[in-house]
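Q: Give the three-dimensional model of this entry:
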Amino acid sequence: NGYYAPSTDERHRVFGGQLWQNHLGCHCMALVCIGHALGDAETVRFALDHEDNPHDLKGLIGGAILMPGDRDRWGTEPGKIRPGEMYDRYRISQGKGLMYSFLHLRFLLDAAEIAWHNGLDFYSYTAPGGENLVLPFRFLGQTLLAGPGALKGTYYEKHEGECVRVRAGLTTQWYPNLFLIGRNRYPDEPVIAEVCRRAAPAIFAGADHYEVLSFPLAFG
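A: All right, here's what the predicted structure looks like:
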């Protein structure tokens, strides 16, 4: 049909078997942007909810957001998965599991927010396994609020690189900007509201290449 659909065939697993990693979220977001820019409704549908695309936004919400009992790329013990963790946590091997989890959530939010402004609500969507976009806000937000202590008993607890990132999370890191979008779409979520309240104001005043869409998305 002329579209690129990531294959689920065992012989052609995307990214070496990394079936739900952040590049797929970026691909989805890009198709949403291109589709709306060109006025191509079929491309938008392919990106968001299409039977021929296992990695459309609906699929990514169900696959990239983890729930207890799921398996990530490395076959981690199911007991270590908390609701709302992101598939990209496997990048913990580089001390960047949380960073890439926030990055992937950014791509999903970009796609969902563009859809929202065009009359489609994915913030209310819950996948068959119970996954939805509010769960990552809860897990990641609680981690930012509680600091390294929040990592105790989790997949991340023995990784100093992750602890360093969490210590800086509400002061110098870019992560909390995502919560501006969350505050708009989930105004009754206490964790989101508390992150926005406690985050250093400088976070919301500055931007870098990760945050180029922060203000248009949060305030557009």
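Q: what bits of the protein have low per-residue confidence?
A: Along the chain, the model assigns pLDDT under 70 to residues 1-18, 72-79, 169-175, 200, 202-220.
Q: so where do the helices sit in this structure?
A: 22-38, 41-48, 57-64, 97-116, 134-146, 160-168, 178-185, 190-198, 201-205, 214-219 (DSSP state H).
Q: who wins for proximity to Ala127 among those?
A: helix 57-64 (3.3 Å; Cβ to Cβ). (Glycine included, C-beta is placed from N, CA and C.)
Q: so what secondary structure elements neighbour that closest one?
A: Judged by 3 or more Cβ pairs under 8 Å, 6 or more residues apart in numbering; DSSP states H and E, the packing partners of helix 57-64 are helix 22-38, helix 41-48, helix 97-116.
Q: contacting residues around it?
A: 19-22, 24-25, 28, 32, 47-49, 53, 55, 86-88, 104, 108, 111-112, 115, 122, 125, 127-129, 131-133 (Cβ atoms under 8 Å, 6 or more residues apart in numbering).
Q: quick one: it to chain centroid distance?
A: With Cα atoms, centre = their mean, to the nearest Å as the basis, helix 57-64 stands 10 Å off its chain's centre.
Q: in it, what counts as buried?
A: Leu57, Lys58, Gly59, Leu60, Ile61, Gly62, Gly63, Ala64 (16 or more other Cβ atoms under 10 Å).
Q: try stretch 41-59
A: The neighbour-count check on stretch 41-59 (16+ other Cβ under 10 Å) flags 43-50, 53-59 as buried.
Q: cool, stretch 136-149 as well?
A: For stretch 136-149, the neighbour count (16+ other Cβ under 10 Å) marks Pro136, Phe137, Arg138, Phe139, Leu140, Gly141, Thr143, Leu144, Leu145, Pro148 as buried.
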